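Enquirer: 3D model of this:
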Amino acid sequence: MSQQHLTLVARELGLKPEQVQATARLLDEGCTVPFIARYRKEATGELDEVAIMAVRDRLHQLRELDSRRESILKSLEERGLLSDELKEQLEQAATLTELEDLYLPFRPKRRTRAMKAREKGLEPLALAILAQDPALDPAAEAQAYLDPEKELEEVDQALAGARDIIAELISEDPDTRAAMRRLYEKQAVITSKVIKGEEEKGAKFKDYFDWSEPALAAAGHRVLAMRRGEKEGHLILRITVPQDEAIALLEQRHLKNHSPAAQQVALALADGFKRLLGPAMETEMRLVTKERAEREAIRVFAENLRELLLAPPLGPRRVLALDPGYRTGCKLVCLNEQGDLLHHDVINIMTARQRQEAADKLKALVQRFRIQAIAVGNGTAGRETEALVRSLELPGVVVEMVNESGASVYSASQAAREEFPELDVSLRGAVSIGRRLMDPLAELVKIDPKSIGVGQYQHDVDQGELARSLQDVVVSCVNAVGVEVNTASPQLLAYVSGLGPSLARKMVAYREEHGPFRHRGELMQVPRLGPKAFEQAAGFLRIRDGENPLDASAVHPESYPVVEAMAADLGCRLQELIANQELIRRIDPSRYVDDKVGLPTINDILTELAKPGRDPRRSFEVFSFAEGVNQLEDLEPGMRLPGIVTNVTNFGAFVDIGVHQDGLVHISQMADHFVKDPRQELKVHQRVMVTVLEVDLARRRIALSMRSNPFAGRKTKAPRGPEGQRGRKPSRPAPKAPFNDALARALGDLRRD
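Expert: Reported below is the predicted structural model:
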């Protein structure tokens, strides 16, 4: 990586050049982002993961730019088209767009009208007309180029060919393209219209049957919705600017006078914009708006995924998990503190007799396996199953509804088949539900993040970029929490810094053959786990109750001598120092700083010693939905209900209130103050209180609000009577009213996804 690129990245990201250089060097050496952020703070100037990933991604872009530049230079040189001036321009191009604009006139392409005109020898005529000499008579000049053998029998044919050449020359001029690009950025409008006859088939895109807005101001989810409507053959999508303004811009740049030659140039400009430059700019703008929309959608998905992965864990408990169902019954499993399967069964809850038998069986299993928590999946019959469990009044037993999104994906996966080859798919799903309550992170890493369902238009974005972004999130979360090496699944270990699927499987195999790891140094005995992998992974792997108490902490083995020196200076044993606030306060960090270990690392060590192996996730809080509100028909406007945020998008947040259909809190209903970004107000898995605004039974839509006076300014009045707490309905429900346009459009966006 050139110094020029390092300086550019530093300037763009607001960092010091030495920070970028150190980060680039560490990345090139094979260090992972979590390792650099946690254990190489002195080198990077304490850059966090976000900054390190920004440096990594920008350097990758610049490397791709250099690779494309090399390819272009080689192509031009091989074809004898590389002049010194062009070479200098290509080498100075700072963006891929500039590079491609310079290369465009020389790019191999299919035969164009201008090429055919050149083959007929009309280029000198075109250049003479383009010079716009007031004394030039284009018609008279064209006489010299007439040749029946070249299909040039009339003056108009020769002039038309010359105009084709002029149109292409101007359309491929880099400065002209840059000016037109600026016009499109300022004035382009994206429009969508329904294709005649597609009104019924494309009804889900009704909001975009006649829609227009400034292209670069269009919200990402709307751009993706319109693109999907176009792809499915229901909409016509265009991005245009006023044609008269575009042609005026070209005339301002290229017309020199009002001569007859200039009139021919004006005709060429109009034709060139309509046939060449306009479509090219529209294609570019379609790509620009698509990439912006994709980046935003991927960012939303990544942020939601982070919140979901870092949801509070219940922790090691004996759990009874239920995967609800009517026809095939509720699948039931009992798990021990480590998530191992102890027992499985099926209960039915359709009739009163079945419910009584199920209740008796549940009580017996709770007692037999000393169950401490019951996890109920939130799918079909989830609320009914939860009601049955709660009616048992089991003292000391936590009852929790668990979001089962993606559980079926895990159930049918190779990992599930290897772990439970004899179990039915639905029973595997019940195991996943129970483990998800105990530790959401450890269980969700077994599922493709795209199957968890916390994104918007996730199937319409660049799948490679989405996968890379989500991979970064999972890696970040796993390493932030740390992994217990003696109990972790190979799927979880695979995300640890420096490991990967192959080494993870070898670690589990070693553990099964030799028993639990006794200290971190033993990790080096795992086949193919070398010094580099050990360096990257060791600090994120935990060995509780091992030979060295530091192995249960985030202190890296390379820093053990520092901690041992601290204990020796205090005259205590290592075990006595850990979690001893009084002794830790007596340590002077500056005494242990040297040329290898800086103050940031020392401070991290002291923080870790105070709370070794601390979990950054929030503490678990028991949650329950309102009693008596189990289905859409139970809802009435004015009810105030507890809920859990399941997804946050650009236009609002979706909240599970326990009726098998998430409701939408539109961005305008999130708070009493103006909300610009929903993610500043709400996070996935956050517990909230919401008010029901409207219920559309036909379309199964629920409008919710978090405002203190949600009915203020609405056509419908707030219902009178007490709030619908714990499922109580208002005494006078408000009349049904249609959704406002923005709300309906937002719900339509989610339905399309």
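
Enquirer: When you work out contacts or count neighbours from here on, use the C-alpha atoms and nothing else.
Expert: Fine.

Enquirer: what's the spacing between Pro214 and Ile239?
Expert: As defined by Cα to Cα, to the nearest Å, Pro214 lies at a distance of 9 Å from Ile239.

Enquirer: anything in contact with each of the two?
Expert: 188-190 (Cα atoms under 8 Å, 6 or more residues apart in numbering).

Enquirer: Going by distance to Gln252, which of those wins?
Expert: Taking Cα to Cα as the measure, Gln252 lies nearest Ala188 of the shared contacts of Pro214 and Ile239, at 19.4 Å.

Enquirer: What pLDDT does the model give that closest one?
Expert: Ala188 is assigned 96 on the pLDDT scale.

Enquirer: Could you give the number of residues near the closest residue to Val597 other than its chain neighbours?
Expert: Spatial nearest neighbour of Val597, excluding adjacent residues (Cα to Cα, 6 or more residues apart in numbering): Glu42 at 7.8 Å. Look at Glu42: counted by other Cα atoms under 10 Å, it has 19 neighbours.

Enquirer: Against which helices or strands is whatever helix or strand Glu42 lives in packed?
Expert: Assigned by DSSP states H and E, Glu42 belongs to helix 41-44. When contacts are defined as 3 or more Cα pairs under 8 Å, 6 or more residues apart in numbering; DSSP states H and E, helix 41-44 packs onto helix 17-28, helix 599-610.

Enquirer: again, 7 Å this time
Expert: helix 17-28 (3 or more Cα pairs under 7 Å, 6 or more residues apart in numbering; DSSP states H and E).

Enquirer: And the helix it packs on, how far out from the chain middle?
Expert: 26 Å (Cα atoms, centre = their mean, to the nearest Å).

Enquirer: So what touches that helix?
Expert: 6-7, 10, 43-45, 52, 55 (Cα atoms under 7 Å, 6 or more residues apart in numbering).

Enquirer: pLDDT on stretch 571-579, on average?
Expert: 91.

Enquirer: should've said stretch 208-215
Expert: 95.

Enquirer: more neighbours, Pro214 and Ile239?
Expert: Neighbour comparison, Pro214 and Ile239: the larger count goes to Ile239, with 24 against 18 (by other Cα under 10 Å).

Enquirer: How about the contacts made by the residue nearest to Ser432 when sequence neighbours are not counted?
Expert: Spatial nearest neighbour of Ser432, excluding adjacent residues (Cα to Cα, 6+ apart): Ala407 at 6.2 Å. Taking Cα under 7 Å, 6+ apart, we find Ala407 in contact with 429, 432-433.

Enquirer: do that again at 10 Å, thanks
Expert: Neighbour list for Ala407: 323, 377, 413, 425-426, 428-433, 436, 443-444, 446-447, 451-452 [criterion: Cα atoms under 10 Å, 6 or more residues apart in numbering].

Enquirer: And for Val688?
Expert: Contacts of Val688 by Cα under 10 Å, 6+ apart are 641-645, 655-657, 682, 706.

Enquirer: coming back round to it: next, format the contacts of helix 17-28 as CSV and append neighbour count, distance to Val461 and pLDDT.
Expert: CSV is the format used below for the contacts of helix 17-28 (neighbours: other Cα atoms under 10 Å; distance: Cα to Cα, whole Å; pLDDT from 0 to 100):
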residue, neighbour count, distance to Val461, pLDDT
Leu6, 22, 30, 91
Thr7, 16, 31, 91
Ala10, 18, 29, 94
Ala43, 20, 36, 93
Thr44, 21, 33, 94
Gly45, 17, 35, 93
Ile52, 23, 24, 96
Val55, 24, 23, 95
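
Enquirer: With distance to Tyr208 as new columns, can those residues be given to me in CSV?
Expert: As requested, the contacts of helix 17-28 are exported to CSV (distance: Cα to Cα, whole Å):
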residue, distance to Tyr208
Leu6, 44
Thr7, 45
Ala10, 42
Ala43, 52
Thr44, 48
Gly45, 49
Ile52, 40
Val55, 38
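
Enquirer: And the residues you listed, which is closest to Gln356?
Expert: Using Cα to Cα, the contacts of helix 17-28 come closest to Gln356 at Ile52, 57.9 Å.

Enquirer: What is the helix or strand in which that closest one is found packed up against?
Expert: Assigned by DSSP H and E, Ile52 belongs to helix 49-78. Contacts defined by 3 or more Cα pairs under 10 Å, 6 or more residues apart in numbering; DSSP states H and E place helix 49-78 against helix 3-13, helix 17-28, helix 33-39, helix 84-92, helix 96-103, helix 463-481.

Enquirer: what would those helices look like in TSV with distance to Tyr145?
Expert: Formatted as TSV, the helices and strands packed on helix 49-78 follow (distance: least, Cα to Cα, whole Å):
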stretch	distance to Tyr145
helix 3-13	51
helix 17-28	60
helix 33-39	66
helix 84-92	31
helix 96-103	30
helix 463-481	54
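
Enquirer: Would you mind finding the most buried of these?
Expert: Highest mean neighbour count of the helices and strands packed on helix 49-78: helix 33-39, a mean of 23 (counted as mean count of other Cα atoms under 10 Å).
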